[in-house]
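**Q** predicted model follows, preceded by the sequence.
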Amino acid sequence: NLLFADDLQHTSIGSKSSSLPFKAEKTTLKAGDLEIEGYRYPATTFVMGKDVLPIYPESTMLGVEVSTKAFSLATLETTQYQWALFLEENPKWEASNRQALRDELLVDEYYMQGLSVSPVFVTSRPIFQISYHAALAFCDWLSVKSGKNVFLPTEDMYTLAALSHPNLKYSSSLSPSPSVDEGPVALLGGVWEMTSSPYIPLSRVYSLERSRSLHQHFGLSMQPIVKGGSYLNESATVSLHTVGVVESDACADQIGFRIAWYE
């Protein structure tokens with residue numbers, strides 16, 4: 001076992017990712033009166049992660065080859081304004097219904113605490129204090145309204161977007177402003193972004209693809225991987241390779257999400 005071999009404890013393993021040569025194309029998701037700007041990425045195979053020492057938690061960032069289909073990713077993290085529009089048509093997810101949502105194990109006691117969102121005032125501030133299950137409900141709603149398959153991006157997709165970003169910077173703001181033609185904003189910083197990839201300990205050391213397949217086959221509980229850090233993290237402590245994890249019902253003031261979709 002690589003993680004417990006004394007003679008390998010100081011030897012790096014894994015492949016190292018590098019910047020990707022292509023430039024993402026601008027696109028827009030239209031859902032009624034709501035339009036969400038984004039960037040389209042081609043299908044590709046690349047290395048996700050870096051060369052690391054064979055020890056935990058370094059092994060969570062072990063460089064492995066992955067492949068993604070063509071997809072689009074929102075320029076901004078899902079905003080409080082967009083969430084307010086969702087609540088208008090989905091009153092089940094109102095903060096006033098928190099206890100019922102908790103009874104269904106969809107959120108915890110912090111769901112939307114301290115938030116006051118409005119469908120009147122447009123803001124780029126990201127939504128937070130919401131759970132993985134709530135984010136999935138938002139994606140389902142947008143899928144119906146747009147006629148597209150809207151979903152939470154995988155960790156692979158997040159990494160692809162970050163690697164192909166021409167000027168990736170850490171955002172310490174909760175009110176980001178997109179820069180012209182530079183790609184998605186706040187991939188680092190802003191809020192931790194939930195993905196649709198489950199956290200599976202040692203999966204990269206064993207076999208990422210096989211681990212994900214077994215996780216799905218046996219219907220194991222979902223603990224989504226989160227990426228990118230938040231505005232409260234020291235930028236030096238979080239990179240595009242950092243892997244975090246949360247419970248599927250967890251709600252916190254540093255956790256949000258960004259949508260992806262297939263054209």
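**A** Arrived safely. Quantities reported herein were computed from a predicted structural model and do not represent experimental measurements.

**Q** and the pLDDT for the residue nearest to residue 248 when sequence neighbours are not counted?
**A** Setting aside the residues directly before and after it, residue 248 is nearest to residue 132 in space (C-beta to C-beta, 6 or more residues apart in numbering), at 4.3 Å. Quick note: C-beta positions are derived from backbone N, CA and C, even for glycine. On pLDDT, residue 132 comes in at 98.

**Q** for the longest helix anywhere in the chain, buried residues please.
**A** Counting by DSSP state H, the longest helix found in the chain is helix 132-146. Neighbour-count burial for helix 132-146, counted by 16 or more other C-beta atoms under 10 Å, picks out 132-139, 141-143, 145-146.

**Q** go on, stretch 169-188?
**A** 170, 171, 172, 174, 176, 183, 184, 185, 186, 187, 188.

**Q** so residue 18 touches residue 49, yeah?
**A** No - applying C-beta atoms under 8 Å, one finds residue 18 not in contact with residue 49, separated by 11.4 Å.

**Q** which one's more surrounded, these two?
**A** Between residue 18 and residue 49, counted using other C-beta atoms under 10 Å, the more crowded position is residue 49 (24 against 10).

**Q** distance of the more buried one relative to residue 241?
**A** In this view, residue 49 and residue 241 are 6 Å apart by C-beta to C-beta, to the nearest Å.

**Q** measure the residue lying closest to residue 162 once chain neighbours are set aside to residue 21 for me?
**A** The shortest distance from residue 162 to any non-neighbouring residue, by C-beta to C-beta, 6+ apart, is to residue 240 (4.0 Å). According to C-beta to C-beta, residue 240 and residue 21 sit 17 Å apart.

**Q** same question for residue 48.
**A** 16 Å.

**Q** who's more crowded, these two?
**A** Shown here are residue 48 and residue 21; by other C-beta under 10 Å, residue 48 has more neighbours (27 against 7).

**Q** give the burial count for residue 259, as a bare number.
**A** Using other C-beta under 10 Å, the number of residues around residue 259 comes to 24.

**Q** what is in contact with residue 49 and residue 241 at once?
**A** 17, 61, 159 (C-beta atoms under 8 Å, 6 or more residues apart in numbering).

**Q** residue contacts, the last one?
**A** Counting by C-beta under 8 Å, 6+ apart, residue 159 touches 17, 46, 48, 49, 66, 227, 240, 241.

**Q** tell me who's in contact with residue 223.
**A** Taking C-beta under 8 Å, 6+ apart, we find residue 223 in contact with 198, 199, 245, 246, 247, 248.

**Q** ditto for residue 44
**A** Listed by C-beta under 8 Å, 6+ apart, the contact partners of residue 44 are 20, 22, 67, 68, 160.

**Q** and if you look at residue 48?
**A** Each residue near residue 48 by C-beta under 8 Å, 6+ apart is listed here: 17, 63, 64, 65, 66, 155, 156, 159, 160.

**Q** tell me the bridge partners for it.
**A** residue 64 (DSSP bridges).

**Q** now it: how far from residue 220?
**A** Separation of residue 48 from residue 220 (C-beta to C-beta): 21 Å.
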